[in-house]
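Novice: Test case, fold it:
(2 chains)
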Amino acid sequence: MSDIESATESAIGKSPPRLEAAEKAAGTAIYSGDMELPGMLHAALLTSPYSHARILSYDVSAALALPGVKAVVTAEDISGGYIGLVCKDEKALAHGKVRYIGEPVAAVAARDEATARLAARLIEVEYEELPAATTVEQAMAEGAPVLHEDFADYTKIYQAPENEGNLLARAEAVMGRGVDGFDEADVIVEGTYEVGAQYHAYMEPVSVLAAFGPDGRVTVWSSTQSIFRTQANIHEGLGIPMGKIRCVAPRIGGGFGAKAEASGQLVTVMLAKKAGMPVRLVLTRDEDMTSMRARHPGTLRVKTGAKADGTLVAREMEVWLDAGAYADDSPAVMNLVLFYARGSYSIPHVRALGHAVYTNKLRLGAFRGFGNPQASFAAESQLDEIAEKLGIDPIELRIKNAIKAGEQWLGGQRITSCALVESLEKVRDASDWTRRREAAPGRKRGLGVAAMTHTSAFLSSGAIVRLQGDGSIILNVGAVDIGQGSDTALSQMCAAALGLDIEQVSFATPDTDSAPYNYGTNASRVTYTVGQAVHRAAMQVRAQLLEHAAAMLECSEGQLELRPGGRIGVDVEPPRNAEVSFADIAGRSLWAVGGPITGSGSYIPNDPPDPEHTKMTGFLGLDALSVLTFGAQVVEVEVDEVTGAVEVIEAWCAHDVGRAINPGAVESQIHGGFVQGQGYALCEEMLWEDGRLVNPSFMDYKFPGTLDTPDKIHAIILETPEKSHPFHVKGVGEPPLVGAAPAINNALSAATGLRLKQIPLTPERVLRGLLEKG
Amino acid sequence: MAKIHVTTTINGEPVEFLCEPQQTMLDVLRDELRLTGSKEGCATGDCGACSVTVGDRLVCSCLMLGAEAEGQEIETIEGMADGDTLHPLQQKFLEEAALQCGICTPGVLIAAKALLAKNPDPSESEVRYWLAGNLCRCTGYDKIIRAVMDCAADMRGA
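Specialist: You can find the predicted model right below:
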């Protein structure tokens, strides 16, 4: 395979401009909200003013009477069933009851947006207000109002708790001797940590355009992370056969997890069907913040036991996540908190117990890290408390206990490759870890560290590689690039497998009519998982190319070599000047022998948990999770003792990616992930009062800007080849976010001696802590 | 209410349009003139994705009324490249991977161009202050700041 290696060098490990960079820079890139069709109507939503109420009746007559209004829909127009990836408990619009303030209740399609919004306000809904439970404590209290009376009847793909109340999911994992393992500890630290709700704040609010064709099929262009999950949700929620639903992803303005499952697509399709005209829905920022999703707030009680020499022996974690009004991904997110409860360490005895609870507020769902940021904030903060108690350097403690390749993760899967120790050493050296930092009077400086592990192979993907008549390639995978650069990285892999330049590979727009199935852009899975399918499909094309070339050059396939730029030549002694181009071969296949050259690849990781290793109850199948990626971060902060403000001065982020297909894009993931994690750590929190979100705007919900981020975020890319992948890659989408909060919290402690257990670390909390500490 | 007739100049071209009195310049650009490069990230002037220049002023077009365009010279992202030739800032953003999802990019580029017109040799701190009104959720800003600094250096050398 020497030719593959040499060909690989041509397209991989380089950072060409991303495929769609020019159109984005020129302002010509087309997002769903930029699209317009002849006769297109505009949609507006009517949302719930109550946290919890029974819907008694609708009167849409005044709305329909308004000139320009073409359709009004309510739950009475829903033709399908429940939706939900792991627990089907939600419909296209609130039906029977409303369960949170901001929940869509009805929708209007009208000739312009202003008319649609006015008409939505004219819809009369009669409610009977019910007692609400807007916090986990209220929802779990004796006699609490029940959100889902039909919970037992919902279809679920996990072992759900049997209860008459609001407990949505409960799971437990026990490794080794579980909590009995604490008898081996010389030192035990226990604490309760609280994490806030973080809003994704993708810059493109949800937008959808739906249009029925004369053939009765509906096409849906929307801001989605998965055209296939969108298709499935429309099918299940509206009863339309899947073959009649075509979902397309134009350019997507960020997602970070929130656009993975259904958003405004179902209601837009309902309106388009009823009005018989194309309909576009574009949420305002306020609507997006009050009706989409956020990261789960929660409480984590964590206990860690260590021997006097720093060997970690036992960990217990008990988690309560606020799931909001609908299940969405909550049971899965809670499972993943437990999956990461042990941290990146060889702790022999573990018990992790998790709960997800329905409450009367916005559904909480998938968000970059998927449970890992919550687990890591608590566990990595606590590790520093252990280090302090034992008088061991925090990085030394982590290296001493670091998990290694070949060991088993919680659940029992074996670690394929691991650069955890190397990551920690890199950030230690790069940050000059032991050097004392001076700060101006009234300010204090300190460094903090965190390590992290994350998944990168998850669920199924396909790829189709087609040779065109001119010898170029079209790659079709149905995977959506939400801004992270996967179109480019996947094209680079395809080009490398065929010895082509990236310019010779075109990337097909994700479209359910033509693309092979792909689960979605989440779980840091695309580069690894879709990359596997791309390689398989490209190798099929390669085999056909070689077969043709052997016939055309009258030699055996073994005498052929793939030459850069789409040529195949004869490699014999003495050298024979004979070669054919991909275009020559395409011509032969299309007009003479063999037919069109197409390759198709499918992939799904399957790595079942080991019940002997970890006893697990209440979990979704973890079989689909495999291949873990490792990293470490050090941050330097400066704390203002007068205001309590924490400023991040510099950050060092070392992440193992197996092999960097596109180093520029990897750096971008590290920079962007770290800064999103910095926001989670310091300033971002959705706040509800009696179920009403009080900060639904970028004026009141602040995330980091240019003045908040450090001048230097050092992206340190480690490349420890992942042998299970043809290009040796691992994912890096989520890990850079995961370490930021604990590293910043640990740096705050190093700077001031103040150890907080609640994020965000707002100036108010820090100042109060400093004053109380004295 | 009667629509307002507005005569203005957009990207060097004379333009006339009718708008509602309450219609924002951003809505006029996107809905009436089909210039969809300017994006609505917030509609409250907090994110900068709708940035345009009016004369030599950098403004959030979501905070400006369409009627205020009367007699003005407006530049949007669509006017930044010269045909197929990208502006040096746009080119630098491509080369240095200073964009990801692309929603904030038009506003960032318009703002950066306005900065370099006033100050061809900005310090990093000046770039950060100038772009403080442009939110980006993807890049962490690092590559954006580098690209603007590098482009400024190139343009001074040119």
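Novice: Which positions in stretch B:84-102 come out as buried?
Specialist: Neighbour counts over stretch B:84-102 (16 or more other C-beta atoms under 10 Å in any protein chain shown) mark B:86-102 as buried. Where C-beta positions appear, they are placed from N, C-alpha and C, glycine not excepted.
Novice: Got the phi and psi for the closest residue to chain A within chain B?
Specialist: Closest contact between chain B and chain A, by C-beta to the nearest C-beta, is at B:Gly37 (2.4 Å). Per-residue torsions, B:Gly37: phi -70, psi -30 (degrees, to the nearest 10).
Novice: Spit out the contact partners of the nearest residue to it once chain neighbours are set aside.
Specialist: With C-beta to C-beta, 6 or more residues apart in numbering or on different chains as the criterion, B:Gly37 has its nearest non-adjacent residue at 2.4 Å, and that residue is A:Gly27. Shown in contact with A:Gly27 (C-beta atoms under 8 Å, 6 or more residues apart in numbering or on different chains): B:Leu35, B:Thr36, B:Gly37, B:Ser38, B:Thr76, B:Ile77, B:Glu78, B:Met80, B:Thr105, B:Pro106.
Novice: same thing but 7 Å
Specialist: B:Gly37, B:Ile77, B:Glu78, B:Pro106 (C-beta atoms under 7 Å, 6 or more residues apart in numbering or on different chains).
Novice: So if we follow the domain assignment, how does chain A break up?
Specialist: Following automatic domain parsing, one gets these domains for chain A: A:2-27+A:460-603, A:32-130+A:205-252+A:259-291, A:298-458+A:609-773.
Novice: typed the wrong thing, it's chain B
Specialist: For chain B, automatic domain parsing gives the domain ranges B:4-79, B:88-157.
Novice: winner for burial among the ones you listed?
Specialist: domain B:88-157 (a mean of 22; mean count of other C-beta atoms under 10 Å in any protein chain shown).
Novice: three-state assignment of the residue nearest the centre of chain B?
Specialist: Closest to where the C-alpha atoms of chain B average out (C-alpha atoms, centre = their mean) is B:Ile110, at 3.1 Å. The assignment at B:Ile110 comes out as helix when based on DSSP: H, G, I helix; E, B strand; the rest coil.
Novice: What's the nearest residue in chain A when you look at chain B?
Specialist: A:Gly27 (2.4 Å).
Novice: Show me which residues of the stretch 401-550 of chain A sit near chain B.
Specialist: Taking C-beta under 7 Å from any C-beta of the partner chain as the contact definition, the stretch 401-550 of chain A meets chain B at A:Ile482, A:Gly483, A:Gln484, A:Gly485.
Novice: Considering the residues you listed, which possesses the most neighbours?
Specialist: Within those, neighbour counts (other C-beta atoms under 10 Å in any protein chain shown) peak at A:Ile482, which reaches 31 neighbours.
Novice: Next secondary structure element downstream of the helix or strand bottoming out on mean pLDDT in chain A?
Specialist: In chain A, no helix or strand scores lower on mean pLDDT, DSSP states H and E than helix A:2-11, which sits at a mean of 53. Downstream of helix A:2-11, the next assigned helix or strand under DSSP states H and E is helix A:21-26.
Novice: In that following helix, which residues are buried?
Specialist: Using 16+ other C-beta under 10 Å as the test for burial, helix A:21-26 gives A:Ala21, A:Ala22, A:Lys24, A:Ala25, A:Ala26.
Novice: Show me the contact partners of it.
Specialist: Residues from elsewhere that reach helix A:21-26 (C-beta under 7 Å, 6+ apart): A:Ala29, B:Ala81, B:Leu86, B:Gln90, B:Phe93, B:Leu94, B:Leu99, B:Gly102, B:Thr105, B:Leu109.
Novice: Show me what the nearest residue in space to B:Glu32 that is not next to it in sequence bridges to in the sheet.
Specialist: Take B:Glu32 and drop its neighbours on the chain: the residue closest to it by C-beta to C-beta, 6+ apart is B:Phe17, 5.1 Å away. In this structure, B:Phe17 bridges to B:Val6 when assessed by DSSP bridges.
Novice: same deal with A:Trp221?
Specialist: A:Leu209, A:Val248.
Novice: burial measure for it, as a count.
Specialist: Residues contacting A:Trp221 under the criterion other C-beta under 10 Å number 29.
Novice: same thing with the one 10 residues further on?
Specialist: Counted with other C-beta under 10 Å, the neighbours of A:Gln231 add up to 23.
Novice: What values do phi and psi take at it?
Specialist: Dihedral pair for A:Gln231: phi -60, psi -50, per degrees, to the nearest 10.
Novice: Hmm, A:Gly243 and it touching each other?
Specialist: No - look at A:Gln231 against A:Gly243 with C-beta atoms under 7 Å: they stay out of range, at 9.7 Å.
Novice: How about stretch A:514-522, which residues are buried there?
Specialist: A:Ala515, A:Pro516, A:Tyr517, A:Asn518, A:Tyr519, A:Gly520, A:Thr521, A:Asn522.
Novice: Low-confidence bits of the chain, can you list those?
Specialist: All of this is about chain A. A:1-9 (pLDDT under 70).
Novice: Actually, chain B is the one I wanted.
Specialist: Across chain B, the ranges flagged by pLDDT under 70 are B:1.
Novice: Check it for its longest helix and report it.
Specialist: In chain B, taking DSSP state H as the definition, the longest helix is helix B:142-157.
Novice: that older thread, in helices only, show me the buried residues of stretch B:84-102.
Specialist: Residues of the buried residues of stretch B:84-102 located in helices (DSSP H): B:Pro88, B:Leu89, B:Gln90, B:Gln91, B:Lys92, B:Phe93, B:Leu94, B:Glu95.
Novice: In chain B, mark out all the strands, start to finish.
Specialist: Along chain B, counting by DSSP state E, strands occupy B:4-10, B:13-19, B:51-54, B:57-60, B:73-75.
Novice: okay, the ones you listed in JSON lines with distance to A:Lys273 next?
Specialist: Below are the strands of chain B laid out as JSON lines (distance: least, C-beta to C-beta, whole Å):
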{"stretch": "strand B:4-10", "distance to A:Lys273": "37"}
{"stretch": "strand B:13-19", "distance to A:Lys273": "32"}
{"stretch": "strand B:51-54", "distance to A:Lys273": "38"}
{"stretch": "strand B:57-60", "distance to A:Lys273": "37"}
{"stretch": "strand B:73-75", "distance to A:Lys273": "40"}
